[in-house]
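**Student:** Provided below for reference: sequence and predicted model.
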Amino acid sequence: MTTIQVSSLMKTFNIYRKQPGIMGSLGSLIKRSYTTFTAVNDISFSIEEGELVGFIGPNGAGKTTTLKMLSGLLYPTSGKITVLGYTPFERKPEFLKKISLVMGQKNQLWWDLPPMESFLLNKEIYEVTNDRFKTVLSELTHLMGIEDILNVQVRNLSLGQRMKCELIAQLIHSPRILFLDEPTIGLDVVMQKKLRDFIREYNRQYKATVILTSHYMDDVKELCKRVIVIDHGKLLFDGQLDKVIKKYSRHKLLSIIFSDPPPIHELESLGQIILHEGQQIHLEIEREKSNEIAAHLLKTYAIADLNIEEPPIEEIIRSLFSEKK
Ligand SMILES: Nc1ncnc2c1ncn2[C@@H]1O[C@H](COP(=O)(O)OP(=O)(O)OP(=O)(O)O)[C@@H](O)[C@H]1O
Ligand SMILES: [Mg+2]
């Protein structure tokens, strides 16, 4: 079942431009000058129930703006959005009870109170019954492993603990759709992984639809089969993550351990040496020639180990963005 349907979505902002200096300030009292900036430019996609989709793009691409429109915080300039059959910006209570927007950069908990108070407040706002609250809370705190910090003031929690509580607070009403805007930002790798495991588990257990933005490719790689790539407000790619790799990467990585000193001179003629440590070599080679080159090396030299690998997704995405500029 299609949960989210977006067609020809646009969002423009009027940016107020002040002339420099005091005369500029005075002038602007009389005549306001605006320029229009297009943050989201004619985007269309649809998402099925239970999907876990990665929304990626460089800074300023329009990811947060899109998530805000999907959750009804921002009004689209034009285009159509349907989420669970609702029009988000109408912000109907039945709609708000079915979604959640979690922003890693924004604190939504009460700073001076323990997280439990924020959970209870959300319980009231979303009209969750006592029984349901108890069940959900015990499940979530157990899943996150934070039973012991529920009554510690939020200001005294570590960033990781706080992020876990932020997530739980937004899940008290068991939303059908979760919009996660950089949920792992600033966390150490261990905590990032814990959060990822949690998101995956939540998606699986509750069949919730999850849309996630992140600058950490590990989040995207580990969680999302499908990615939507945007840049400068435009949709560049929508499909399976491994297809992005196939479509945009012209290289493969040969990882070789030679039994003897590596034939550097010849290797340099075959591709680009990325790493050379003793007998170990990482060689970047053209995608189409990878099998041929590997076969040639194996035939010609004594080789202890050889692997043909895909280049890191980070690199592919980076080259994808720089190409389009
Ligand atoms: N309220 C606003 N008024 C004017 N411009 C805005 C407003 N909100 C966002 N923008 C601009 O719209 C563009 C898209 O911003 P957005 O926050 O959606 O990017 P993003 O993809 O989330 O980037 P990041 O990865 O840095 O979070 C940016 O150029 C931003 O400056
Ligand atoms: Mg953002």
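**Tutor:** Alright, I've got the coordinates. Numbering: from 1, shown residues only. Ligands and ions are numbered 1, 2, ... in the order given.
**Student:** the helices in the protein, which residues?
**Tutor:** 21-30, 63-70, 93-96, 115-125, 130-144, 159-169, 189-206, 217-223, 241-248, 264-270, 290-300, 313-324 (DSSP state H).
**Student:** Alpha carbons of the longest one, as PDB, please.
**Tutor:** Below are the C-alpha coordinates for helix 189-206, written out as PDB (Å, rounded to 0.1, in the frame of the first residue of the first chain):
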ATOM      1  CA  VAL A 189      30.300   5.000  16.200                       C
ATOM      2  CA  VAL A 190      29.100   2.600  18.900                       C
ATOM      3  CA  MET A 191      26.100   4.700  19.700                       C
ATOM      4  CA  GLN A 192      25.400   5.200  16.000                       C
ATOM      5  CA  LYS A 193      25.200   1.500  15.600                       C
ATOM      6  CA  LYS A 194      22.900   1.100  18.600                       C
ATOM      7  CA  LEU A 195      20.600   3.700  17.200                       C
ATOM      8  CA  ARG A 196      20.700   2.000  13.800                       C
ATOM      9  CA  ASP A 197      19.800  -1.400  15.300                       C
ATOM     10  CA  PHE A 198      17.000   0.300  17.100                       C
ATOM     11  CA  ILE A 199      15.600   1.900  14.000                       C
ATOM     12  CA  ARG A 200      15.800  -1.300  12.000                       C
ATOM     13  CA  GLU A 201      14.100  -3.200  14.800                       C
ATOM     14  CA  TYR A 202      11.400  -0.600  15.100                       C
ATOM     15  CA  ASN A 203      10.700  -0.800  11.400                       C
ATOM     16  CA  ARG A 204      10.600  -4.600  11.600                       C
ATOM     17  CA  GLN A 205       8.500  -5.000  14.700                       C
ATOM     18  CA  TYR A 206       5.900  -2.300  14.100                       C
END
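**Student:** Mind listing what's buried along that helix?
**Tutor:** Buried residues in helix 189-206, defined by neighbour count with 16 or more other Cβ atoms under 10 Å: 191-192, 194-196, 198-199, 202-203, 206. For glycine as for every other residue, the C-beta is placed from the backbone atoms N, C-alpha and C.
**Student:** One more: the last one?
**Tutor:** The neighbour-count check on helix 313-324 (16+ other Cβ under 10 Å) flags 313, 315-317, 320-321 as buried.
**Student:** quick one, domains of this structure?
**Tutor:** 2-8+43-245, 250-309 (automatic domain parsing).
**Student:** and those domains, which is most packed in?
**Tutor:** Among these, the stretch with the highest mean neighbour count (mean count of other Cβ atoms under 10 Å) is domain 2-8+43-245, at a mean of 18.
**Student:** Does ligand 2 have contacts with that one?
**Tutor:** Yes - for domain 2-8+43-245, a contact with ligand 2 is found by Cβ under 5 Å from the ion, at 63-64.
**Student:** do that domain and ligand 1 meet at all?
**Tutor:** Yes - Domain 2-8+43-245 reaches ligand 1 (Cβ under 6 Å from any ligand atom) through 57, 59-65.
**Student:** Okay then, goodbye and thanks.
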